[in-house]
Every structure is written in C-alpha cells, then in structure tokens.
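Student: sequence? don't have it. structure:
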Ligand SMILES: NC(=O)C1=CN([C@@H]2O[C@H](COP(=O)(O)OP(=O)(O)OC[C@H]3O[C@@H](n4cnc5c(N)ncnc54)[C@H](OP(=O)(O)O)[C@@H]3O)[C@@H](O)[C@H]2O)C=CC1
Ligand SMILES: O=C(CO)COP(=O)(O)O
C-alpha cells in the first residue's frame, strides 16, 4: 500500500466528522474514532452524526471506539477541542507506529502551559510527527462539499506536500507551509477576535465599526504572530486573515454567535463549543509575556471573566490614545 493511504480521525464531533468525509472524498481509507462506544455504534449504523445533523456519512468511513484500531492509520487527524487534545493524543500514543503524522485540527492554546497544538502533540506522543491544519472552514459547509481552502503546516516541507496530496480535493484545497507557529496563532487568535466582532454586531455599532474592529484585530493577531516568530505571509494567509474574515462576518461562527448574544444581553448559546472563550485568557497571558499589546483580545478576556462590562470595554477601546497605524 503506498504511503499515506489511510487516515484516522480522533474525535467524532462536527469538525472531525466533516474531515473524515474530506479524507474519504480524497480517496483515503478512513476510520472515525468516537471515544464513546455507544456513539460509535450509533454513527456506524445510522450513517449520520447528531453533532453534524443532516449530513450523510461517506459510505467508505468506518466508525470505531477502539483506539488501537484507529492508531493503525498512516495519518492521524486530531480533532478534539484544544483543551482535550493532550488527553486524546496521550491515549493514542502507545498504539501509534513511529513517525506517524498527527495533524492537529483544533484551534486554541493549552491552558496553564501556554503550549500550541503541535507542542502538545510533541509532548503527548513523542514518536509522532506533529502538524497543524487550519483555515476558513465551517464543518457544515465542508461536509456538504462546498469549496474552501486551508493551510496545512509541518516542519518537513516534503511531508507537508505529501499530506496536502493525501487530503486535498477540488472542494477542499490545503496549501502547504513549514510555518507551523504562524498557522497555530492565526487559528487560535481569530476565535477570540470573532467574539469581539459578534459583540460589535450585537451592540448595533454598524458595519463600519465591524470592519474597523476586524482590521485592528488582524493587526494585533499579526503583532503577536511576529513576536512568536511567525511569517507575515502565513498571518495574512488562510489560517490568519482568511479565517478571521470568515469568523468575524457571520453568526454561523459559534464564536461570533457567542459575542452576538453577549452584545444583545442574551444568554450564551447552549451546547456550542466557542473555543475563543477558552483561548482568550491564555492568549492574553501569552501576549503579556511577549510584551505585545492586544487591546481587543484583552477586552474580550475581561468581559468573559466578568472584570469589565461590555459598555466599559467599548469605551476603553474607543478612547485609547491616537497613534500611528
Ligand atoms: N466545527 C467547525 O466548523 C470547526 C471546528 N474547528 C475546531 O475543531 C475543534 C473541535 O471542534 P468541533 O468538532 O466543532 O467540536 P464538537 O463539540 O462538535 O466535538 C468535539 C468532539 O471531541 C470529542 N472529544 C473530546 N475529548 C476527547 C478525547 N479525549 N478523545 C476523543 N474525543 C474527544 C467529543 O467527544 P464526545 O462526543 O464524547 O464528548 C466530541 O465528539 C475545535 O478546536 C474547533 O475550533 C476547526 C474548524 C472548523
Ligand atoms: O473555525 C471555524 C471556521 O474556520 C469554525 O468557527 P467557530 O468555531 O467559531 O464556529
């Protein structure tokens, strides 16, 4: 069997299920791992996952709750929430073949450690080769076969190219890079900024304010990225600017939807994973450690931490001293 023929997806949520479909469409032999045996059996039998309602599973996808079976694949996609990645990869690690690429598809930074997703993989599965996939891609759109493009990064350029070949198709176009950190920062920071964008819309501040907020948000994302060694073209690429534009523009984004509810003074949507709420405090800690100014992200973290009202946060941002762009 040629290299990279088989793919396992760890985490049968909305994005894991959509990515299993992507890999099957690309011609790979696909296994979707759900940690709950009952869920796995139900998805296998019904060919739909309640976490991605209305989408029929590709007939080639096998569903398992056996981590040893999932670990046999040539490529692993790790698609749990960011704060669960270490546990999921740690569970998988003893069963992996040496040098198996493990691609993080979560967007976030680990609490407490400040580690990025590939660093978590490197620690939890030292014999694996960490990679990251991120970009503008709603699970629902991708699973329905609507086209998009993302960025896939790993340190070894030849491997990055091979992974893109293994997963890419006409409707899911990964671009490769070796700038792992740039891809990680874009995916993590955009979620926090999308909450701010939702607040702007929820507060009816107008389309001009939304564009200004998104642009200033990009500016702070790029500042932190540069401080952490990311390349400018990655930050302005699909995982940075691309995903920021998507997530700051529509309530289809769960992060934007959280901000929208906050801005309207409504309760947060129940049962919807908004990674930005988890990332905000750790992003701000990281920025402070790097001495990078991130006023929008700081405001989001303070609002979520009940240290600032939304009105006070808006006033604070609007009355900052004028400065050069
Ligand atoms: N949804 C989207 O459009 C996109 C999401 N992402 C990112 O992907 C990540 C996952 O999001 P999404 O799929 O939407 O989230 P969901 O809430 O839909 O699903 C998360 C899944 O992770 C599983 N899980 C949690 N911990 C573990 C573990 N230790 N081992 C195995 N599985 C585990 C959960 O299992 P259980 O059901 O048993 O709780 C659940 O099925 C996030 O970081 C998100 O930002 C990225 C791009 C698009
Ligand atoms: O990352 C995503 C789109 O690229 C999904 O966004 P939300 O997690 O905000 O729904």
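Tutor: Received the coordinates, thanks. A quick note: this is a predicted structure, and the numbers were derived from the prediction, not measured. Ligands and ions are numbered 1, 2, ... in the order given.
Student: Nearest spatial neighbour of whichever residue of the chain sits closest to ligand 1, chain-adjacent residues omitted?
Tutor: Nearest to ligand 1 in the chain, going by CB to the nearest ligand atom, is residue 13, at a distance of 1.8 Å. For glycine as for every other residue, the C-beta is placed from the backbone atoms N, C-alpha and C. In space, and not counting its chain neighbours, residue 13 is closest to residue 51: 5.0 Å by CB to CB, 6 or more residues apart in numbering.
Student: was I right about that neighbour contacting residue 11?
Tutor: No - between residue 51 and residue 11 there is no contact under CB atoms under 8 Å: 9.9 Å.
Student: okay, the two: which has more neighbours?
Tutor: Neighbour count, other CB atoms under 10 Å: between residue 51 and residue 11, residue 11 has more, with 25 against 20.
Student: residues touching the more buried one, list them.
Tutor: 33, 34, 78, 79, 80, 84, 88 (CB atoms under 8 Å, 6 or more residues apart in numbering).
Student: One more pass at 10 Å, please.
Tutor: 17, 19-20, 32-35, 51, 77-81, 84-85, 88, 105-106 (CB atoms under 10 Å, 6 or more residues apart in numbering).
Student: Kindly report the same for residue 146.
Tutor: For residue 146, the contacting residues are 137, 138, 140, 171, 172, by CB under 10 Å, 6+ apart.
Student: Just the buried subset of those, written out for ChimeraX, thanks.
Tutor: Entered in ChimeraX, the line below selects the buried ones among the contacts of residue 146, by 16 or more other CB atoms under 10 Å:
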select :137,138,140,171,172
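Student: Assess the claim that residue 71 and residue 97 are in contact.
Tutor: Yes - using CB atoms under 10 Å, residue 71 makes contact with residue 97 at a distance of 7.7 Å.
Student: out of those two, which sits in the busier spot?
Tutor: Counting neighbours by other CB under 10 Å for residue 71 and for residue 97 shows that residue 71 has the greater number, 21 against 11.
Student: so how far is residue 187 from that one?
Tutor: 25 Å (CB to CB, to the nearest Å).
Student: again with residue 324
Tutor: Taking CB to CB, one finds residue 324 at 29 Å from residue 187.
Student: neighbour-wise, which of these two wins?
Tutor: Set residue 324 next to residue 187 and count neighbours by other CB under 10 Å: residue 187 wins out with 32 against 3.
Student: which element follows the helix or strand containing that one toward the C-terminus?
Tutor: Using DSSP states H and E, residue 187 sits in helix 180-202. Following helix 180-202 in sequence order, the next helix or strand is helix 207-227 (DSSP H and E).
Student: Give the rounded mean pLDDT of that following helix.
Tutor: The average pLDDT within helix 207-227 is 98.
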